[in-house]
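Engineer: A structural model of the following input is requested.
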Amino acid sequence: MVYSILKKYGIRGGSLDQHFLVNEPILDSIAEAADLQIDDIVLEIGGGIGNLTERLVARAGRVIVIERDPRLVAVLQDRFHEISNIEIIEGDATKVELPAFNKVVANLPYSISSPITFRLLNHGFEKGILMYQYEFARRMVEVPGSKNYGRLSVDTQYFADVRLLRKISPSAFTPAPKVWSAVVEVVPRPSVFEVKDEQLFFRVVEAAFGQRRKKMKNALTKFNPPLADREAILRLIPEDFLGKRAEQLFPEDFATISNIIYEVRDN
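Structural biologist: Residues are numbered from 1 along each chain as shown. As a prediction, this is how the structure comes out:
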């Protein structure tokens, strides 16, 4: 079915991160994982030729597709011109105004996974079923002590509960990408720990993993801009934290450090 659509419209992919998922059981499993209901408004980013879209419009109350390739927008408009519960927006998902939606289901362009993911998380939604490059997905869900645990892990887990659902072989796509992929469930929630200044928290995480082989006491010397009351701050941070590397600290530990900096800075 998917191959026949590609042939009909003369679409080959291979540019603009266009690798079309052609494995129909996997497409079905992605739509099923979203647990779509008739009152759901679903955002799909990168609708492609509509092979996932057709499964979404059959399950959800409304589907809004953002697709930046005009050739694929034309395919989507032709395939779904008789479908009433779909809206197709031509544009770059990192720039267009995002509509209101409660679920997002998408095979994200891998080159812009990070900016799109955090744009979505800041926009807000109830549940996301999102496909990423496998290594990116692993870093999203990792825990302290893992070699893949890093800034992406802490920042993502600050916003949401994340779970890797399945790993996908390059052979499931056409043209086949050079990397494996993975489907991740993202369920946003309020932070489970207190952060007094969100931007300061993210800067602490960035500084820590920018010097990930150094212990926190040394990593904080690279804080940008430099900490005005560094010695006073270091005296208040638990010694156990200062003696560890970033990869050994839990997300809430970074919150403790950033809250101490916030208190000293503003008093």
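
Engineer: residue ranges for the strands of this protein, please.
Structural biologist: 20-21, 41-45, 62-67, 86-90, 103-107, 127-133, 160-168, 173-174, 181-188 (DSSP state E).

Engineer: Mean confidence (pLDDT) on the fourth one, please.
Structural biologist: So the one you mean is strand 86-90. Strand 86-90 shows a mean pLDDT of 98.

Engineer: which secondary structure elements does it contact?
Structural biologist: If contacts are counted by 3 or more Cβ pairs under 8 Å, 6 or more residues apart in numbering; DSSP states H and E, strand 86-90 sits against strand 62-67, helix 70-79. Just so you know, the C-beta spots here come from the backbone N, C-alpha and C atoms, and that holds for glycine as well.

Engineer: now the stretch 151-267 of the chain, which segments are flagged as low pLDDT?
Structural biologist: Within the stretch 151-267 of the chain, the segments meeting pLDDT under 70 span 266-267.

Engineer: Same question for the stretch 1-150 of the chain.
Structural biologist: Those would be 13-17, if you go by pLDDT under 70 across the stretch 1-150 of the chain.

Engineer: For residue 143, give its distance to residue 187.
Structural biologist: Residue 143 sits 17 Å away from residue 187, going by Cβ to Cβ, to the nearest Å.

Engineer: What segments of the stretch 101-250 of the chain are helices?
Structural biologist: With DSSP state H, counting those that start in this stretch, the ranges of helices along the stretch 101-250 of the chain come out as 113-123, 134-141, 151-159, 198-210, 216-219, 230-236, 239-242.

Engineer: Compile these into CSV and extend it with columns for mean neighbour count and distance to residue 64.
Structural biologist: Output for the helices of the stretch 101-250 of the chain, formatted as CSV (neighbours: other Cβ atoms under 10 Å; distance: least, Cβ to Cβ, whole Å):
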stretch, mean neighbour count, distance to residue 64
helix 113-123, 17, 13
helix 134-141, 21, 24
helix 151-159, 21, 22
helix 198-210, 19, 28
helix 216-219, 18, 42
helix 230-236, 14, 46
helix 239-242, 14, 44
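
Engineer: And the ones you listed: which comes nearest residue 21?
Structural biologist: Closest approach to residue 21 among the helices of the stretch 101-250 of the chain is made by helix 134-141 (14.1 Å; Cβ to Cβ).

Engineer: what's next to the closest one, contact-wise?
Structural biologist: For helix 134-141, contacts defined as Cβ atoms under 8 Å, 6 or more residues apart in numbering pick out 110, 113-114, 132, 148-150, 152-153, 156, 162-164, 167-168, 179-184.
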